[in-house]
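Q: Structure for the following, please:
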Amino acid sequence: MKEEKHRICYMILPEGIREDLAEGLIAMSEEYAVSIVVIPGVNWNDDLTPWPAEGVFKKAKPFGGNASSSLDKLTNKIIPETENRMGVVDAERTILGVSLSGLFAIWAAFNTDAFTNVISISGSLWYDGFVDWMSENIPSPQVQKVCVLLGEQEKNAKDKRMATVEERSILAANILKAKTTAAVSFEVVEGTHFSPILPRLERAFEISF
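A: Residues are numbered from 1 along each chain as shown. Prediction:
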């Protein structure tokens, strides 16, 4: 009988919520038999964005657009070193992101074969030119499941660009459905921008695992 792959979920979470989620993540890891690796040391506005763009708030710094370097570090350094320490030879990997890292997770699905599952929670899919870019590119054939969750109030954002998030998230999900054989799930759930977060993580795990 074929041995099952070791399931690992690589998460990029906003720094301010990591400690609050510790107990919940441990419980989810046990319930779904998934090892959870939270990736630290991320420059949020620069490391997760695919190309430079203007900031969204007054006096906000522009987005740096360094996603390519971040993905290279993730796939060629963090993942091999992590799995070597864990003694994992064959892994089924999930990438999970929230907000800008949710954008990064979807972008990564087009730029690496490293992940089987992709989870974007409140992903910043409003990002300038991103949905158009998706329509012109092909996701990795390795991706088997994509889960996109969005808070019902996120479309009410005061910033005009961010207010397009629901419309563009729907477009993104439809592009993925058209361009892959992956099971693509899009759901609007209760709340604002990634809040409450734990129920969204639990729902994403329920769908993905």
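
Q: wait, doesn't Ala91 sit right on Ile8?
A: Yes. Taking contacts as Cβ atoms under 8 Å, Ala91 lies within contact range of Ile8: 5.1 Å. The way it works is simple: take the backbone N, C-alpha and C, and place the C-beta from them, glycine included.

Q: Are there residues contacting both of these two? Which ones?
A: Contact criterion Cβ atoms under 8 Å, 6 or more residues apart in numbering; residues shared by Ala91 and Ile8: Glu83.

Q: Packing partners of the helix or strand of the chain with the lowest mean pLDDT?
A: One helix or strand of the chain scores below all others by mean pLDDT, DSSP states H and E: helix 18-32, with a mean of 92. Judged by 3 or more Cβ pairs under 8 Å, 6 or more residues apart in numbering; DSSP states H and E, the packing partners of helix 18-32 are strand 35-38, helix 197-208.

Q: Check which residues of the last one are buried.
A: Along helix 197-208, these residues count as buried under the neighbour rule (16 or more other Cβ atoms under 10 Å): Ile197, Leu198, Arg200, Leu201, Arg203, Ala204, Phe205, Ile207, Ser208.

Q: who touches that helix?
A: 17, 21, 24-25, 28, 31-32, 34, 94, 96, 98, 117, 119, 121-122, 145, 147, 149, 151, 185, 187, 189-191, 194.

Q: At which residues are the helices of the chain located?
A: Using DSSP state H, the helices assigned to the chain run over residues 18-32, 44-47, 67-73, 79-86, 100-109, 130-135, 165-179, 197-208.

Q: so which of these comes closest to Lys61?
A: Nearest to Lys61 among the helices of the chain is helix 44-47; the distance by Cβ to Cβ comes to 6.5 Å.

Q: for the record, mean pLDDT for that closest one?
A: Here the mean pLDDT over helix 44-47 is 96, rounded to a whole number.

Q: most packed of the helices of the chain?
A: helix 100-109 (a mean of 27; mean count of other Cβ atoms under 10 Å).

Q: In PDB, please show the C-alpha coordinates belonging to that one.
A: Taking C-alpha atoms only, helix 100-109 is exported to PDB below (Å, rounded to 0.1, in the frame of the first residue of the first chain):
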ATOM      1  CA  LEU A 100      -1.100  40.500   1.500                       C
ATOM      2  CA  SER A 101       0.300  37.000   2.200                       C
ATOM      3  CA  GLY A 102      -3.000  35.700   0.800                       C
ATOM      4  CA  LEU A 103      -2.100  37.600  -2.400                       C
ATOM      5  CA  PHE A 104       1.300  36.100  -2.300                       C
ATOM      6  CA  ALA A 105      -0.100  32.600  -1.900                       C
ATOM      7  CA  ILE A 106      -2.200  32.900  -5.100                       C
ATOM      8  CA  TRP A 107       0.800  34.400  -6.900                       C
ATOM      9  CA  ALA A 108       3.000  31.600  -5.800                       C
ATOM     10  CA  ALA A 109       0.600  29.100  -7.300                       C
END
